[in-house]
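**Student:** sharing a model prediction with you, sequence too.
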Amino acid sequence: MLVVKLNAYKRGRSYDLVTGSVSRLEDWLKKHGWKGYDPFDVLGTPFFLKIESLRVKSYLWEKVLTPLVGLPYLLPLLTRRILLVKKTRNPMAAALFARGYLNLYKISEDSDHLRLALDYLGWLEEHYSRGYSGMCWGYPFDWQSNILFPKDTPSGVVTSIVVQAFLGAYEVTKEKRFKEIAVDAINFFLKDLHIMLVDNDKLCFSYTPLDKFRVHNANLWVASTLARMIACAKLKKYKKLILRAVNFTLSDQRTDGGFYYWDTRYAQAKGIRNGIDNYHTGYVIEALADIAKYMGHEQIKDSVIGAFRFYEKNLMKNGSTPKHSFGLNYSGDITDPIILDINDCSEAILVFLKMYSSGFPPKADLSKKIARWTIRNMQDRDGHFYYRIYRWGIDKTSHIRWSQAWMFFALTELLKAVSKHECRSQRNKNLNI
């Protein structure tokens with residue numbers, strides 16, 4: 001069982017609740033392992049890939065076949081068993097668990113936490129996508145978007161999250177190989193992803209080497225990871241590249257501060273229905289906050305505040321409960337049955353923490369409120385977190401990457417932030433500040 005040994009200071013009920021939640025989740029993971037299902041794995045089976053390939057061809061096919069796509073959500077386990085979906089280990093999950101254990105090691109200095117973090121990183125060192133210019137990682141299943149992505153196709157999003165884990169390990173251990181792995185991944189970002197030049201001061205990183213999608217969160221995951229490289233590995237030569245990626249996304253920011261998932265100009269040209277949701281908006285805010293932190297660009301700071309105000313007004317309820325979507329969702333249907341996705345909850349915790357730690361207005365207490373609500377409403381007694389709340393009920397499926405890994409990381413980030421704050425307060429008290 002997880003024990004965070006920080007008894008010197010009074011923690012309060014919220015801290016105890018979060019610590020207990022992490023302990024229960026860790027116990028669940030020890031019992032069940034981290035090989036598991038993913039929300040999108042069943043959609044990568046031949047049956048659903050055929051359906052999806054027809055759905056994207058015309059609006060008529062979409063209307064006819066969409067009810068079939070709902071089967072994995074109505075009958076998640078049965079559908080997977082019928083279609084022989086196997087449980088897998090996901091590189092993104094490994095990276096998030098590694099980052100979570102690094103957080104716990106910073107809090108407790110317990111060598112077991114560091115050992116577990118390094119175990120996940122060791123797995124990632126062995127299980128990267130071969131045949132590319134640099135080390136990179138993708139999803140362990142086929143997935144269909146506007147095109148088909150075979151399993152293990154590396155993506156900028158997954159690789160960015162993995163690289164962040166290796167950079168975190170380097171900062172903790174000072175082992176050069178962790179930084180070398182992160183630096184090697186730059187070759188993937190710059191040589192294998194498509195870098196789409198919009199004009200002299202704007203560019204967009206593609207999602208994978210197979211597409212030329214213009215997706216804001218994917219573009220900024222890469223840009224923010226390169227920005228962290230500047231701070232960690234002193235690679236200032238990428239500064240202009242990062243700012244051009246930022247300029248691309250900021251040029252598409254709505255007047256109310258929000259961001260659509262797809263670049264609006266690209267979506268209109270391709271006839272793609274666009275939308276706004278909670279966690280993708282959160283990814284954009286986090287990335288922009290990181291870039292502002294590492295590069296100090298005033299225009300970025302103003303845009304971060306605008307995006308956060310939009311997020312807080314439109315994608316949060318009562319300051320403690322995330323809302324899934326605003327306006328249109330991916331299907332273009334404003335009667336979306338999804339009330340809340342667990343990724344909305346983990347990302348909301350991370351967004352408020354990121355804003356607080358980066359010196360922006362929100363208070364850390366808001367992350368505590370979100371965590372309390374999530375633990376009380378979306379964590380099972382056995383420790384795992386549920387997938388979604390629908391209008392008709394709760395899907396309690398225990399997706400490893402989507403639910404367990406993201407929540408583990410978010411909650412350990414919260415524990416780390418609270419510990420830092422209290423240690424700083426205690427030092428100031430001792431100094432009569």
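**Tutor:** Cool, got the structure.

**Student:** can you give me the helices in the stretch 151-300 of the chain?
**Tutor:** Secondary structure of the stretch 151-300 of the chain (DSSP state H, counting those that start in this stretch): helices located at 156-173, 176-187, 216-233, 239-250, 264-270, 278-295, 298-314.

**Student:** so for residue 201, which of those helices sits nearest?
**Tutor:** Among these, the nearest to residue 201 by C-beta to C-beta is helix 239-250 (5.2 Å). Where you see a C-beta, it was placed from the backbone N, CA and C, and this is true even at glycine.

**Student:** so, low pLDDT: which residues of the stretch 201-350 of the chain?
**Tutor:** In the predicted model, the stretch 201-350 of the chain carries pLDDT under 70 at residues 233, 326-336.

**Student:** go again with 90.
**Tutor:** By pLDDT under 90, the low-scoring segments of the stretch 201-350 of the chain are 229-238, 271-273, 293-299, 317-321, 324-339.

**Student:** please parse this protein into its domains.
**Tutor:** Segmentation of the chain into domains, based on automatic domain parsing, reads 13-46+86-430, 47-84.

**Student:** buried ones in the shortest one, by neighbour count?
**Tutor:** Which is domain 47-84. Neighbour counts over domain 47-84 (16 or more other C-beta atoms under 10 Å) mark 48, 51-52, 55, 62, 71-73, 76, 79-80, 83 as buried.

**Student:** before we move on, back to that, and the domains of the chain, which is most packed in?
**Tutor:** Stretch with highest mean neighbour count among those: domain 13-46+86-430 (a mean of 20; mean count of other C-beta atoms under 10 Å).

**Student:** still on that earlier bit, do you know which of the helices of the stretch 151-300 of the chain lies nearest residue 14?
**Tutor:** Of all those, helix 298-314 sits nearest to residue 14, with 20.0 Å by C-beta to C-beta.

**Student:** helices or strands up against that closest one?
**Tutor:** helix 239-250, helix 278-295, helix 342-357 (3 or more C-beta pairs under 8 Å, 6 or more residues apart in numbering; DSSP states H and E).

**Student:** can you add distance to residue 168 and give those helices back as CSV?
**Tutor:** CSV is the format used below for the helices and strands packed on helix 298-314 (distance: least, C-beta to C-beta, whole Å):
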stretch, distance to residue 168
helix 239-250, 20
helix 278-295, 13
helix 342-357, 14
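
**Student:** among those helices, which is nearest residue 369?
**Tutor:** Of those, nearest to residue 369 by C-beta to C-beta is helix 342-357, at 8.8 Å.

**Student:** can you give me the distance of residue 87 to residue 398?
**Tutor:** Here residue 87 is placed at a distance of 11 Å from residue 398 (C-beta to C-beta, to the nearest Å).

**Student:** hey, what's in contact with both of those two?
**Tutor:** Shared contacts of residue 87 and residue 398, defined by C-beta atoms under 8 Å, 6 or more residues apart in numbering, comprise 36-37.

**Student:** residue 185 contacts residue 158, doesn't it?
**Tutor:** No: Residue 185 is not in contact with residue 158 according to C-beta atoms under 8 Å; the separation is 10.7 Å.

**Student:** overlap in contacts, the two.
**Tutor:** Residues touching both residue 185 and residue 158 (C-beta under 8 Å, 6+ apart) are residue 136.

**Student:** what distance separates stretch 135-147 from the middle of the whole chain?
**Tutor:** Centroid displacement of stretch 135-147 relative to its chain, using C-alpha atoms, centre = their mean, to the nearest Å, is 16 Å.

**Student:** please disregard the earlier target; I meant stretch 276-296.
**Tutor:** Put simply, stretch 276-296 sits 11 Å off its chain's centre (C-alpha atoms, centre = their mean).

**Student:** cool, stretch 178-188 as well?
**Tutor:** 20 Å.

**Student:** residues in contact with it?
**Tutor:** 121, 125, 132-136, 154, 159, 162-163, 166-167, 169-170, 226, 229, 232-233, 235, 238.

**Student:** next: stretch 259-279.
**Tutor:** Contact partners of stretch 259-279, identified using C-beta under 8 Å, 6+ apart, comprise 146, 204, 213-217, 248-249, 252-254, 258, 280-281, 284, 307, 311, 314-315, 322-332, 341, 343-344, 346-348.

**Student:** mean confidence score for whichever strand or helix holds residue 31?
**Tutor:** In this assignment (DSSP states H and E), residue 31 forms part of helix 13-32. Confidence over helix 13-32 (mean pLDDT, whole number) is 93.

**Student:** quick one, it and helix 342-357 angle?
**Tutor:** Interaxial angle of helix 13-32 relative to helix 342-357 (axes from the mean of the first three to the mean of the last three C-alpha atoms, to 10 degrees): 130 degrees.

**Student:** and the next helix or strand past helix 13-32?
**Tutor:** Next along from helix 13-32, by DSSP H and E: helix 46-55.

**Student:** would you map the strands across the stretch 1-150 of the chain?
**Tutor:** In the stretch 1-150 of the chain, the segments counted as strands under DSSP state E, counting those that start in this stretch are 143-144, 148-149.

**Student:** can you say which of those is nearest to residue 177?
**Tutor:** Of all the strands of the stretch 1-150 of the chain, it is strand 148-149 that lies closest to residue 177, at 29.5 Å by C-beta to C-beta.

**Student:** which residues touch the closest one?
**Tutor:** Residues contacting strand 148-149 (C-beta under 8 Å, 6+ apart): 49, 53, 138-139, 142-143, 208, 210-211.

**Student:** go again using 7 Å as the cut-off
**Tutor:** 49, 142-143, 208, 210 (C-beta atoms under 7 Å, 6 or more residues apart in numbering).

**Student:** just flag the most distant two among those residues.
**Tutor:** Greatest spatial distance among those (C-beta to C-beta): 49 and 208, at 16.5 Å.

**Student:** and the contacts of stretch 236-243?
**Tutor:** Stretch 236-243 has contacts (C-beta under 7 Å, 6+ apart) with 223, 226-227, 229-230, 291, 295, 297.

**Student:** export it to CSV, keeping only CA atoms.
**Tutor:** As requested, the backbone C-alpha atoms of stretch 236-243 are provided in CSV (Å, rounded to 0.1, in the frame of the first residue of the first chain):
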residue,chain,number,x,y,z
LYS,A,236,17.6,27.2,-27.8
LYS,A,237,17.8,26.7,-31.6
TYR,A,238,14.2,25.4,-31.5
LYS,A,239,12.8,28.6,-30.1
LYS,A,240,11.6,30.1,-33.4
LEU,A,241,10.1,26.8,-34.4
ILE,A,242,8.1,26.6,-31.2
LEU,A,243,6.8,30.2,-31.5
